[in-house]
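Engineer: fold the following, please.
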Amino acid sequence: MAKLSVGSKAPAFSLVAGNGKKYSLKDFSGKKVVLYFYPKDDTSGCTAEACSFRDNLSAIKKKGAVVIGVSPDAPSKHEKFTSKYDLNFPLLSDESKKMLTKYDVWQEKSMYGRKYMGVVRTTLIIDEEGKITHIFPKVKVDGHTEEILKAIGE
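Structural biologist: Residues are numbered from 1 along each chain as shown. Below is the predicted model of the structure:
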(Lines give C-alpha, C1' and ligand atoms only; values in the text may rest on other atoms or scores of the structure.)
Protein backbone atom coordinates (compact mmCIF):
# COMPACT_ATOMS: atom_id res chain seq x y z
CA MET A 1 0.00 0.00 0.00
CA ALA A 2 1.39 3.35 -1.01
CA LYS A 3 1.62 5.92 1.74
CA LEU A 4 -1.11 8.51 1.60
CA SER A 5 0.04 12.05 1.04
CA VAL A 6 -1.38 15.55 1.06
CA GLY A 7 -3.03 16.18 -2.31
CA SER A 8 -3.87 12.54 -2.96
CA LYS A 9 -7.44 11.27 -3.21
CA ALA A 10 -8.74 9.80 0.05
CA PRO A 11 -9.51 6.08 -0.33
CA ALA A 12 -13.22 5.29 -0.51
CA PHE A 13 -14.84 3.50 2.41
CA SER A 14 -18.21 2.23 3.54
CA LEU A 15 -18.53 1.23 7.19
CA VAL A 16 -21.23 0.78 9.82
CA ALA A 17 -21.57 3.13 12.80
CA GLY A 18 -22.65 2.20 16.31
CA ASN A 19 -26.26 3.10 15.45
CA GLY A 20 -26.24 0.55 12.60
CA LYS A 21 -26.22 3.21 9.86
CA LYS A 22 -23.77 2.74 7.00
CA TYR A 23 -21.53 5.68 6.08
CA SER A 24 -19.41 6.17 2.95
CA LEU A 25 -16.89 8.86 2.14
CA LYS A 26 -19.05 9.92 -0.81
CA ASP A 27 -21.90 10.73 1.63
CA PHE A 28 -19.82 13.73 2.70
CA SER A 29 -18.85 15.15 -0.69
CA GLY A 30 -19.14 18.94 -0.62
CA LYS A 31 -18.01 19.02 3.04
CA LYS A 32 -14.64 18.94 4.71
CA VAL A 33 -14.17 15.73 6.67
CA VAL A 34 -12.12 15.41 9.85
CA LEU A 35 -11.42 11.69 9.77
CA TYR A 36 -9.74 10.46 12.91
CA PHE A 37 -8.48 6.98 13.69
CA TYR A 38 -8.15 5.85 17.29
CA PRO A 39 -7.18 2.56 18.97
CA LYS A 40 -10.05 1.64 21.30
CA ASP A 41 -13.35 2.86 22.72
CA ASP A 42 -13.53 3.92 26.36
CA THR A 43 -9.78 4.11 27.06
CA SER A 44 -8.33 7.29 28.58
CA GLY A 45 -6.66 8.82 25.50
CA CYS A 46 -9.44 7.83 23.12
CA THR A 47 -12.11 9.17 25.49
CA ALA A 48 -10.26 12.49 25.89
CA GLU A 49 -9.92 12.82 22.11
CA ALA A 50 -13.58 11.96 21.41
CA CYS A 51 -14.84 14.34 24.12
CA SER A 52 -12.65 17.15 22.77
CA PHE A 53 -14.16 16.68 19.30
CA ARG A 54 -17.63 16.54 20.90
CA ASP A 55 -17.06 19.77 22.81
CA ASN A 56 -15.74 21.59 19.73
CA LEU A 57 -18.12 20.17 17.13
CA SER A 58 -20.12 23.39 16.69
CA ALA A 59 -16.89 25.32 15.91
CA ILE A 60 -15.85 22.56 13.47
CA LYS A 61 -19.28 22.62 11.78
CA LYS A 62 -19.10 26.43 11.46
CA LYS A 63 -16.02 25.87 9.31
CA GLY A 64 -18.01 23.51 7.04
CA ALA A 65 -16.57 20.26 8.37
CA VAL A 66 -17.88 17.03 9.87
CA VAL A 67 -16.09 14.67 12.27
CA ILE A 68 -15.91 10.90 11.83
CA GLY A 69 -14.08 8.53 14.16
CA VAL A 70 -12.88 5.06 13.13
CA SER A 71 -11.56 2.15 15.20
CA PRO A 72 -11.56 -1.65 14.94
CA ASP A 73 -14.12 -1.93 17.78
CA ALA A 74 -17.50 -3.56 17.08
CA PRO A 75 -20.55 -1.35 16.37
CA SER A 76 -22.07 -2.39 19.72
CA LYS A 77 -19.00 -1.03 21.56
CA HIS A 78 -19.26 2.22 19.59
CA GLU A 79 -22.92 2.53 20.57
CA LYS A 80 -22.08 2.15 24.28
CA PHE A 81 -19.15 4.61 24.00
CA THR A 82 -21.32 7.13 22.12
CA SER A 83 -24.09 6.88 24.73
CA LYS A 84 -21.78 7.03 27.74
CA TYR A 85 -20.09 10.26 26.57
CA ASP A 86 -22.99 11.75 24.58
CA LEU A 87 -20.87 11.86 21.41
CA ASN A 88 -22.45 13.88 18.59
CA PHE A 89 -20.70 12.43 15.53
CA PRO A 90 -20.47 8.93 14.02
CA LEU A 91 -17.95 6.32 15.14
CA LEU A 92 -17.37 3.77 12.40
CA SER A 93 -16.41 0.16 12.94
CA ASP A 94 -13.63 -1.42 10.88
CA GLU A 95 -13.43 -4.89 12.41
CA SER A 96 -11.90 -6.26 9.17
CA LYS A 97 -9.18 -3.57 9.37
CA LYS A 98 -9.43 -3.05 5.59
CA MET A 99 -9.96 0.69 5.85
CA LEU A 100 -7.37 1.01 8.62
CA THR A 101 -4.90 -0.71 6.28
CA LYS A 102 -5.91 1.44 3.27
CA TYR A 103 -5.27 4.56 5.33
CA ASP A 104 -1.98 3.10 6.64
CA VAL A 105 -2.90 3.47 10.32
CA TRP A 106 -2.89 -0.28 11.14
CA GLN A 107 0.79 -0.69 12.01
CA GLU A 108 3.21 -2.55 14.19
CA LYS A 109 3.43 -0.93 17.60
CA SER A 110 5.59 -1.65 20.60
CA MET A 111 4.82 -1.47 24.31
CA TYR A 112 7.16 -2.64 27.04
CA GLY A 113 9.27 -4.36 24.39
CA ARG A 114 6.32 -6.39 23.07
CA LYS A 115 5.43 -5.88 19.42
CA TYR A 116 1.83 -6.05 18.24
CA MET A 117 -0.45 -4.67 15.52
CA GLY A 118 -2.67 -1.72 16.37
CA VAL A 119 -4.09 1.61 15.31
CA VAL A 120 -1.66 4.52 15.26
CA ARG A 121 -3.70 7.56 16.36
CA THR A 122 -3.95 9.63 13.17
CA THR A 123 -6.22 12.38 11.82
CA LEU A 124 -6.74 13.39 8.21
CA ILE A 125 -8.59 16.36 6.82
CA ILE A 126 -10.29 15.67 3.50
CA ASP A 127 -11.59 18.55 1.39
CA GLU A 128 -14.93 18.93 -0.36
CA GLU A 129 -13.60 17.10 -3.45
CA GLY A 130 -12.27 14.11 -1.51
CA LYS A 131 -8.60 15.14 -1.52
CA ILE A 132 -6.42 14.92 1.58
CA THR A 133 -5.35 18.41 2.72
CA HIS A 134 -3.71 17.55 6.05
CA ILE A 135 -2.31 14.45 7.75
CA PHE A 136 -1.61 14.42 11.49
CA PRO A 137 0.36 11.22 12.27
CA LYS A 138 0.94 9.88 15.80
CA VAL A 139 -1.47 12.39 17.30
CA LYS A 140 -0.97 13.68 20.83
CA VAL A 141 -4.46 14.25 22.25
CA ASP A 142 -3.73 17.45 24.18
CA GLY A 143 -4.22 20.44 21.89
CA HIS A 144 -5.15 18.30 18.88
CA THR A 145 -8.64 19.71 18.37
CA GLU A 146 -7.18 23.22 18.33
CA GLU A 147 -4.73 22.09 15.60
CA ILE A 148 -7.67 20.74 13.60
CA LEU A 149 -9.70 23.93 13.98
CA LYS A 150 -6.74 25.96 12.77
CA ALA A 151 -6.14 23.61 9.81
CA ILE A 152 -9.76 23.58 8.59
CA GLY A 153 -9.88 27.34 8.85
CA GLU A 154 -7.03 27.76 6.36
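Engineer: by mean pLDDT, flag the weakest helix or strand of the chain.
Structural biologist: Here the helix or strand of the chain ranked lowest by mean pLDDT, DSSP states H and E is strand 106-111, holding a mean of 89.
Engineer: count of residues packed around residue 63?
Structural biologist: Neighbour count of residue 63, defined by other C-beta atoms under 10 Å: 15. Bear in mind the C-beta positions are built from the backbone N, C-alpha and C, glycine included.
Engineer: confirm for me that it is in contact with residue 149.
Structural biologist: Yes - counting by C-beta atoms under 8 Å, residue 63 sits close enough to residue 149 to count as a contact (7.1 Å).
Engineer: that older thread, tell me the strands beside the least confident helix or strand of the chain, with direction?
Structural biologist: Sheet partners assigned to strand 106-111 using DSSP bridges are listed as strand 114-119 (antiparallel).
Engineer: and the most centrally placed residue in the chain, what does it touch?
Structural biologist: Note on the chain: the residue nearest the mean C-alpha position is residue 36, at 1.7 Å, using C-alpha atoms, centre = their mean. Residues counted as contacts of residue 36 (C-beta atoms under 8 Å, 6 or more residues apart in numbering) are 49, 53, 67, 68, 69, 70, 121, 122, 123, 124, 139.
Engineer: still on that earlier bit, what are the buried residues along the least confident helix or strand of the chain?
Structural biologist: Within strand 106-111, the residues that count as buried by 16 or more other C-beta atoms under 10 Å are residue 106.
Engineer: show me the contacts of residue 36 that map onto strands.
Structural biologist: Judged by DSSP state E, strands contain the following of the contacts of residue 36: 67, 68, 69, 70, 122, 123, 124.
Engineer: the first one pairs with what?
Structural biologist: I take that to be residue 67. Beta-bridge partners of residue 67, as defined by DSSP bridges: residue 34.
Engineer: burial count for it?
Structural biologist: By the criterion of other C-beta under 10 Å, residue 67 has 23 neighbours.
Engineer: could you do the second one as well?
Structural biologist: In terms of burial, residue 68 registers 22 neighbours under the definition other C-beta under 10 Å.
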